[in-house]
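Undergrad: Got a sequence here, can you model it:
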Amino acid sequence: MACPSCRTALNLLPKGRPVTKSSIVSSSRFLSSRPTPSSATSTPPTTRQIQQQRSLHTTPSPLISFREIIGKRIANLAGNQSPYFIYTATERLYKQCAAQADYDISKDARKKKELKETEEGEEIGVFKIKNPWHDEFGLLPTFSTWAHVTMLHMYLLVVRLRNTEKIHQAAWQEQLVNHFFYQAEAKMEITHNLSSRVIRQTYLKDLFVQWRGLIMSCDEGLIKGDAVLASAVWRNLFKANEDVDLRSLAAVVSWMRSGIKKLDALPDELVWNSGEMVFKNLVVSEELRGVDVPSAVMRGEFVKEGLVR
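TA: Numbers count the residues shown, from 1 in each chain. The predicted structure is shown next:
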């Protein structure tokens, strides 16, 4: 294939004449003797032409707005929605979820074989901090209690995530759930001395089924009413215990409703960047106090029946 200069030289040759070496050389000399645009003589531009050229350069192009949009999208991905930001933000949020009913197992009690167990065979430890889940509701410091209290807090965050852009919801929820299962496996191995990875994976699969079931049952309760939501809390948190205090069920349901409302009122930046402040005002014991105070309508009925004065 000929180069561009050779093709141009061939086009300049008279048609019908044979192509010889001398003809190609003469055509090449002709091309080299032609003046280039820089060497060609031209009249200097007028003031009006200079102003027109400047106006062409200063007029915004339609591509500028497109570039700005792409730049903002890239900045958004590299900033508040980057994988690293999502990982760190969900880690802060998850730590607050997991700390509500966190517990520990005494090593001395394990060595002396003095650990107590539930009827289901769960090891009973000691809560790390004083919390209403134990003091008010009587839940034992076990792995099951920690997991279900943590999942309830995570569920409130998952509902809050549904108020964000759909393109980011999956990434936020995935990282939040990953933090939970990483710590759950660590607790099985370190806290409960469960060294078999096969057994841990079996328990984690069961825990994942419980997590998915909690989401579905609580979603159904949010739609169908407090009775259905209380049934979901009773099955998951209280393990379908028939002797559970109904005040506790009502308090947890009220706490979930008020928690979703308070989280929805917070801006996204405050939720994602201030994980330690998210659950500060969501105290379940306050809802338990409210259960004991009847509403004005109920009090009127109680007065009519002579139950209260």
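
Undergrad: Which strands or helices does the helix or strand hosting residue 176 pack on?
TA: Assigned by DSSP states H and E, residue 176 belongs to helix 166-186. Judged by 3 or more C-beta pairs under 8 Å, 6 or more residues apart in numbering; DSSP states H and E, helix 166-186 is in contact with helix 83-98, helix 143-161, helix 197-224. Any C-beta I mention is one placed from the backbone N, CA and C, and that applies to glycine too.

Undergrad: between it and helix 197-224, how big is the angle?
TA: Between helix 166-186 and helix 197-224, the angle comes out at 140 degrees (axes from the mean of the first three to the mean of the last three C-alpha atoms, to 10 degrees).

Undergrad: Taking helix 83-98 as reference, get the angle to helix 166-186.
TA: Using the same axes, to 10 degrees: helix 166-186 against helix 83-98 is 50 degrees.

Undergrad: buried sites along helix 166-186?
TA: With burial defined by 16 or more other C-beta atoms under 10 Å, the residues of helix 166-186 counted as buried are 168, 171-173, 175-177, 179-180, 183-185.

Undergrad: Among these, which one lies nearest to residue 123?
TA: residue 184 (14.7 Å; C-beta to C-beta).

Undergrad: so how far is residue 148 from that closest one?
TA: Applying C-beta to C-beta, to the nearest Å, the value for residue 184 to residue 148 is 12 Å.

Undergrad: what do you get for residue 218?
TA: Between residue 218 and residue 148 the distance is 12 Å, computed by C-beta to C-beta.

Undergrad: Next: residue 245.
TA: 17 Å.

Undergrad: more crowded one of the two?
TA: Here residue 245 and residue 148 are compared on neighbour count by other C-beta atoms under 10 Å; more neighbours surround residue 148, at 22 against 15.

Undergrad: Please name the nearest non-neighbouring residue to that one.
TA: Once flanking residues are discounted, residue 148 sits nearest to residue 237: 4.8 Å by C-beta to C-beta, 6 or more residues apart in numbering.

Undergrad: Great, nothing more from me.
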